[in-house]
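Undergrad: Pasting a predicted model and its sequence here:
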Amino acid sequence: MLLKISGHYEEKIVSRPFGMGGLVGFPFVGRTGFGAYLAHVPDNGILFVISASHIGLNGHGEFGYINRVDQNCEKSNTCGSAIYAYERCEEINDETILQQIAAGEINMYDELDYQQGFVMKKVAKHYQQIRESSHNDELVSSLTDELLSLVYGEDEAAAKEIFLKITQRNLEMVTLAKKLSLEVEEYLHNIISSHTSKRFRIILLNGVQINLEGNNPTEHDYFFPVSFRCLNSQELDELVQ
């Protein structure tokens, strides 16, 4: 949070970060948890909310996977929850059933794994679009380019070679991350819209967190922005845009 003093916003953190997220980045604390955090926002301050899904990228140019430090396994799914839900949809492979799951007509709730049931509903909702992923989607294309540039840097020849070899599975992983990022944002926006206080401003930065391989995770995580806006002030939203 930023504190407003004499008409200017200080670069000062006046409260510790508040974790709202769960699997895939969905803010499972809900309206009640978010409302509890709002009680800590100073008058005329700014509540800065960052939300994201995430995707891994290993050294072989595979999207949705990384080789974890100090583990001998070949590769790990990243995001594990999202990919597990997508693989379940592939196993079902029945559009009618998947639509029923997405609509809540088929109950996926498990009190010992309720968050994954929620993720499954969201992935089922977009399953057909994810399966039909292509470079024609502008956001998918730009995120793909960003992923390649992080691995191959200025080596455009190597990046182009990998780009031409990108499998349909890689495109599906990128689309999966993109769709879930937008679902996270919508879910968060619905939570925030139920709180109408005008004593502070709420700024939302949404995107996709990119996890790369390395011994120091803080040096190998990146953020691909999808949207950046102020939710309860048109004047500030225009400034942000």
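TA: Good, I have the coordinates.
Undergrad: burial of residue 189, as a residue count?
TA: The local packing of residue 189 (other Cβ atoms under 10 Å) involves 17 other residues. Glycine gets a C-beta too; all of them are placed from N, C-alpha and C.
Undergrad: isn't it right up against residue 195?
TA: No. If you go by Cβ atoms under 8 Å, residue 189 and residue 195 don't touch, sitting 11.3 Å apart.
Undergrad: For the strand or helix carrying residue 127, name the packing helices and strands.
TA: Assigned by DSSP states H and E, residue 127 belongs to helix 114-131. Helices and strands touching helix 114-131, by 3 or more Cβ pairs under 8 Å, 6 or more residues apart in numbering; DSSP states H and E, are helix 80-92, helix 95-102, helix 168-193.
Undergrad: After the longest one, heading C-terminal, what element do we hit next?
TA: Along the chain past helix 168-193, the next helix or strand (assigned with DSSP H and E) turns out to be strand 201-212.
Undergrad: Report the angle between that following strand and helix 168-193.
TA: 160 degrees (axes from the mean of the first three to the mean of the last three Cα atoms, to 10 degrees).
Undergrad: Can you tell me the strand partners of strand 201-212 and which way each runs?
TA: Strand pairing for strand 201-212, determined by DSSP bridges: strand 46-57 (parallel), strand 221-230 (antiparallel).
Undergrad: on contacts alone, who are the packing partners of whichever helix or strand comes after the longest one?
TA: Spelled out, that is strand 46-57. Using DSSP H and E, the helix or strand that follows strand 46-57 towards the C-terminus is strand 65-66. Applying 3+ Cβ pairs under 8 Å, 6+ apart, we find strand 65-66 packed against strand 46-57, strand 76-77.
Undergrad: so who does the residue minimising distance to the centre of the chain touch?
TA: For the chain, residue 53 is the residue whose C-alpha lies nearest the centre (Cα atoms, centre = their mean; 1.7 Å). Counting by Cβ atoms under 8 Å, 6 or more residues apart in numbering, residue 53 touches 24, 25, 79, 82, 177, 178, 180, 181, 183, 184, 208, 209.
Undergrad: can you do 6 Å?
TA: 24, 25, 177, 180, 181, 184, 208 (Cβ atoms under 6 Å, 6 or more residues apart in numbering).
Undergrad: Most neighbours out of the residues you listed, which is it?
TA: residue 177 (30 neighbours).
Undergrad: which regions of the chain lie under the pLDDT threshold?
TA: 1-16, 73, 135, 148, 150-166, 214-220, 232-241 (pLDDT under 70).
Undergrad: try 90 this time
TA: 1-21, 34-49, 56-63, 65-76, 107-111, 132-171, 189, 191-204, 210-226, 228-241 (pLDDT under 90).
Undergrad: so how far is the helix holding residue 127 from its chain's centroid?
TA: 14 Å (Cα atoms, centre = their mean, to the nearest Å).
Undergrad: Over to stretch 178-185?
TA: 6 Å.
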